[in-house]
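Participant: quick one, fold the following:
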Amino acid sequence: MRFPTRRTGFYLALVVVTTLLFTIVYNTGMALWEGRPQPLYRSLEIVIQSFTTTGYGEDAPWQTPQMNGLVILMQFAGIGLILTAVDIFAVPWLREMLSPTVPTTVEELEDHVIVCAYTPRTDALIAELDARDREYVLIEPDTETAIECHEAGYRVIEGDPESRRALSNAGLEQAIAVVADAGDDTNASIALSARDAAPGIRVVTLVSDAELRRYHLAAGVDEALSPRQLLGESLAAQISATVTTDIEAGIAIGDDFELIELTVDAQSEFADRTFEEASLHERFGVTVIGVWSAGSFETPVDPTHRLDPGTRLLVAGEPTQIAALREATAATVRPVTAQHVILAGYGDTGQAAAATLAAAGLQSTVLDIEPGDAVDVVGDARDPDVLEAAGIEESTALILTVADNTTAIFATLIARELNPDIRILVRATEQGDVTKLYRAGAEYVQSLSTVSGQMLAATVFEDQEVLAYGKQVSVVRLPASGLAGTTLAAEAVRTETGSTVIAIVRDGETISDFDPQRFTFTADDDVIIAGTDDAIRGFEDRYSR
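Facilitator: Okay, here's the model as predicted:
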């Protein structure tokens, strides 16, 4: 047991000084006030008896008020010393005895993932692993953080993830991958240790500075991910995809199939109608996978779901079907004018967004707190004058990639006040503030921690071909041997799993036009499905094993 050395020394000194002082005063009082002189050691005994509440021997009672007052004072001093001793000695001991002990090794596991160090992104990664029903071990070097993770129910061990011993204690030899997210320098060291101990282990790292990615690869890392850069590209894509219509550029799946996102415009014929009334499948033959509304994703879509302006639909179909949908939608959207985008924040995310905007031929104004060659306006995005100098009143969109969520929330409020019609897209550093950003006036928010978790999980498990990053829904290709000899309708796949089969791959051919009631699967068929992590996991458990 470890005691606070300085406090212990002060306490012991206080006890000695107090005891000696009361001994001298008591011995003098007995001679002068009581007329009963006695040896000094006898007075010391009485003081000790008083402090320890064990009694006063033959000295009691006292005849003079002065001595009675002195004894009362000794009693209070004794109580004070006892309570102080409890705080210094007993409380730390009880806290140490009652605190949970974080293990330093883990029970035998196989095919698990070792996660090195806890960060705000760890929650999202572990949620992804849990959704896939994959085992993991978290190595945390900080004792307090390790205890908090242990109490939160995470499988965690305390140790230095840079050491081969800690990695071995986490079952490195039986693991399928090591994920390092402890800082750019530390991650490279972890990768080297993991490679030394297990040369064949898959190592994935996150880099906060995209320029350092090559050094991670030099350290033997299989994948060095930069979620900030990907997030910037994703945010900018939301702008660039709305130049001609409100339908985003598609994600191609094979030569005859693609995905798009359809934004319901206020003047669209779909606005303020229910999903059932829109009849997109009946009219165009497309499959609606799900709907985003106020930042949350719903799949499958409730037929009574109201398509309010700004609602985004994830739609799959053949190019001809998509073209028909584009044509029908283009007739009902607002006339498109030249877009001007303000990009506030020019870090890794902002630079990636700026490059994407430039590639799409969009005009943008870069605003940052620090001057730079590419910065057009220097200032705080929370300053109305700075936003006006950047052209907020004439701009069609604002992308916020500022340092923290508090700044982003306030900047969103001010921008919405200055231009009620502007489209605001925000990079959230933490998932917990996403709802606040929507309430402040943002139309589209992506969480860095969530995107990081999705990227890491998808990169670790190479058996899943992830076709769309950075979304709250994933599109993956999986084997469907469990459906052999039956149909989607007979198995009620969408109802039972919440996932949507949008195409079937048979002998290298992608089939998107199929009848769920009649199409019979073979053991070698693959499916392309879309849904949340839980939905995909549900399909995988039932039909892919």
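
Participant: residue ranges of the helices in the stretch 101-250 of the chain, please?
Facilitator: 122-131, 143-151, 164-169, 184-197, 213-218, 227-240 (DSSP state H, counting those that start in this stretch).

Participant: so which of these is nearest residue 518?
Facilitator: Residue 518 sits nearest to helix 122-131 of all these, at 32.1 Å, using C-beta to C-beta. Any C-beta I mention is one placed from the backbone N, CA and C, and that applies to glycine too.

Participant: name the residues of that closest one that come out as buried.
Facilitator: Buried residues in helix 122-131, counted by 16 or more other C-beta atoms under 10 Å: 122, 123, 124, 125, 126, 127, 128, 129, 131.

Participant: so who does the third one touch?
Facilitator: Think residue 124. Residues in contact with residue 124, defined by C-beta atoms under 8 Å, 6 or more residues apart in numbering, are 431, 447, 449, 450, 452, 453, 454.

Participant: now it: closest residue in space, sequence neighbours ignored.
Facilitator: residue 453 (2.8 Å; C-beta to C-beta, 6 or more residues apart in numbering).

Participant: what mean pLDDT does stretch 204-218 have?
Facilitator: Mean pLDDT, computed over stretch 204-218, is 87.

Participant: quick one on the thing from earlier: pick the most buried one from the helices of the stretch 101-250 of the chain.
Facilitator: helix 227-240 (a mean of 24; mean count of other C-beta atoms under 10 Å).

Participant: doesn't residue 504 fall inside a helix?
Facilitator: No. The assignment for residue 504, made by DSSP: H, G, I helix; E, B strand; the rest coil, is strand rather than a helix.

Participant: isn't it up against residue 526?
Facilitator: Yes. Between residue 504 and residue 526 there is a contact under C-beta atoms under 8 Å: 7.3 Å.

Participant: spit out the residues that contact the two alike.
Facilitator: In terms of C-beta under 8 Å, 6+ apart, residue 504 and residue 526 are both contacted by the residues residue 480.

Participant: now distance to residue 107 too, for the helices of the stretch 101-250 of the chain, in JSON lines please.
Facilitator: Output for the helices of the stretch 101-250 of the chain, formatted as JSON lines (distance: least, C-beta to C-beta, whole Å):
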{"stretch": "helix 122-131", "distance to residue 107": "17"}
{"stretch": "helix 143-151", "distance to residue 107": "14"}
{"stretch": "helix 164-169", "distance to residue 107": "11"}
{"stretch": "helix 184-197", "distance to residue 107": "19"}
{"stretch": "helix 213-218", "distance to residue 107": "31"}
{"stretch": "helix 227-240", "distance to residue 107": "32"}
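
Participant: worst mean pLDDT among these?
Facilitator: helix 227-240 (a mean of 77).

Participant: residues of stretch 516-536 that come out buried?
Facilitator: Result for stretch 516-536 [16+ other C-beta under 10 Å]: buried residues 519, 521, 525-533, 535-536.

Participant: from those residues, which land in strands?
Facilitator: Applying DSSP state E to the buried residues of stretch 516-536, the entries found in strands are 526, 527, 528, 529, 530, 531.

Participant: you'd agree the second one is up against residue 499?
Facilitator: Read it as residue 527. No. Taking contacts as C-beta under 8 Å, residue 527 lies outside contact range of residue 499: 9.1 Å.

Participant: give the next helix or strand downstream of the worst-scoring helix or strand of the chain on mean pLDDT.
Facilitator: Lowest by mean pLDDT, DSSP states H and E among the helices and strands of the chain is strand 465-466, with a mean of 41. Using DSSP states H and E, the helix or strand that follows strand 465-466 in sequence is strand 474-479.

Participant: quick one: strands adjacent to that next one?
Facilitator: With DSSP bridges as the test, strand 474-479 is paired with strand 465-466 (antiparallel), strand 526-531 (antiparallel).

Participant: save the buried residues of helix 122-131 as TSV, and put in distance to residue 349 too.
Facilitator: Formatted as TSV, the buried residues of helix 122-131 follow (distance: C-beta to C-beta, whole Å):
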residue	distance to residue 349
122	20
123	20
124	17
125	19
126	23
127	22
128	21
129	25
131	26
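
Participant: tell me the domain boundaries of the chain?
Facilitator: Annotated domains of the chain cover 5-98, 113-225, 244-330, 340-450, 473-543 [automatic domain parsing].

Participant: ok, of these, where does mean pLDDT dip lowest?
Facilitator: Confidence, taken as mean pLDDT, is least for domain 244-330 of those (a mean of 70).

Participant: any idea what the closest residue to residue 161 other than its chain neighbours is bridged to?
Facilitator: Leaving aside its sequence neighbours, residue 161 sits nearest to residue 116 (C-beta to C-beta, 6+ apart; 3.7 Å). Note on residue 116: beta-bridge partners by DSSP bridges are residue 139, residue 180.

Participant: confirm for me that residue 161 is in contact with residue 137.
Facilitator: No. Counting by C-beta under 8 Å, residue 137 is not a contact partner of residue 161; they are 10.5 Å apart.

Participant: would the residue nearest to residue 124 count as being in a strand?
Facilitator: No. Assigned with three-state DSSP, residue 453 falls outside any strand and is helix.

Participant: shouldn't it be in contact with residue 119?
Facilitator: No. Using C-beta under 8 Å, residue 453 is not in contact with residue 119, being 10.5 Å away.

Participant: so these two - more neighbours on which side?
Facilitator: residue 453 (25 against 17; other C-beta atoms under 10 Å).

Participant: report the contact partners of that one.
Facilitator: 121, 123, 124, 125, 126, 127, 128.

Participant: check which helix or strand the nearest residue to the second one once chain neighbours are set aside maps to.
Facilitator: By that I understand residue 123. Spatial nearest neighbour of residue 123, chain neighbours left out: residue 449 (6.9 Å); criterion: C-beta to C-beta, 6+ apart. In the assignment (DSSP H and E), residue 449 maps to helix 448-460.
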